[in-house]
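1. Below: sequence and its predicted model.
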Amino acid sequence: MSLRLGDTAPNFTAKTTEGEIDFYEYLGDSWGILFSHPADFTPVCTTELGRTALLQGEFAKRNVKVLAVSIDPLDQHLEWRKDINETQNCHVGFPIIADENKNVATLYDMIHPNASATATVRSLFVIGPDKKIKLTITYPASTGRNFYEVLRVVDSLQLSSQYSVATPADWKVGEEVIVGLSLSTEEAKQKFPKGVKEVKPYLRYTPQPNL
Ligand code: BEZ
């Protein structure tokens, strides 16, 4: 059964390039991103893990801990990590889970047999500090993820977890946000002193409240 938004992210223990971890302990109170890649020593995956390492500062700023997973063994992960660091000019410091027994892949439904019977697809889960699943995205093996989009979604999720707002199509940090439907326009004016623009009773904008 696949995991859905709002479900509790299953806990697990796993062997990783950073030692044995308990997922929940590793996350602590942070947000988490767990993402699978099909296989070590493959080109698209090499660029993805490199990009994640290069964006480590952006993830840290947002209090997000990142973990990668594939069903390859630890010795291969460790060898491949050297290639990633060399070719992508980075330092991979986040754990890469060696999920040889497919425990994590099964818990998170990362093997889609009609795409590949043996490899994990490119699944990505954003997990909140409450250990609930906030976002899932699934890419095919041939498409590398857009990690700027992943950061953008984290920004949106974190904003809407703090304020009664949502973010419009193509929103980026600094742009106006949408007032949540749970607030009347009068209530919104009290909550958002920077101003509320009512285009329709159900479509109200306000400047990003935390800037
Ligand atoms: C890649 O990462 O390049 C890749 C992995 C598995 C299948 C196809 C591409």
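-> Sure thing, it's come through. Numbering: from 1, shown residues only.
2. Pull up the gap between the residue located most distally from the centre of the chain and Glu198, please.
-> Largest separation from the mean C-alpha position in the chain: Glu186, at 34.9 Å (C-alpha atoms, centre = their mean). From Glu186 across to Glu198, the span is 11 Å (C-beta to C-beta, to the nearest Å). All C-beta atoms are positioned from the backbone trio N, CA, C, and that covers glycine.
3. And Thr120, by the same measure?
-> Counting by C-beta to C-beta - Thr120 and Glu198 are separated by 46 Å.
4. if you count what's nearby, which of the two comes out ahead?
-> Thr120 (26 against 13; other C-beta atoms under 10 Å).
5. Check the secondary structure at that one for me.
-> At Thr120 the chain is in coil, as set by DSSP: H, G, I helix; E, B strand; the rest coil.
6. Quick check on Ser123: phi, psi?
-> The phi/psi pair for Ser123 (degrees, to the nearest 10) reads phi -90, psi 150.
7. Correct me if wrong: it contacts Met110.
-> Yes: counting by C-beta atoms under 8 Å, Met110 is a contact partner of Ser123 at 4.6 Å.
8. and these two? which has more neighbours close in?
-> Taking neighbours as other C-beta under 10 Å, Ser123 and Met110 compare with Met110 leading, 27 against 22.
9. Please name the residues that touch that one.
-> 36, 69, 104, 120-121, 123 (C-beta atoms under 8 Å, 6 or more residues apart in numbering).
10. of these, closest to Ser160?
-> Ser160 lies nearest to Ser123 out of these, by C-beta to C-beta, at 22.7 Å.
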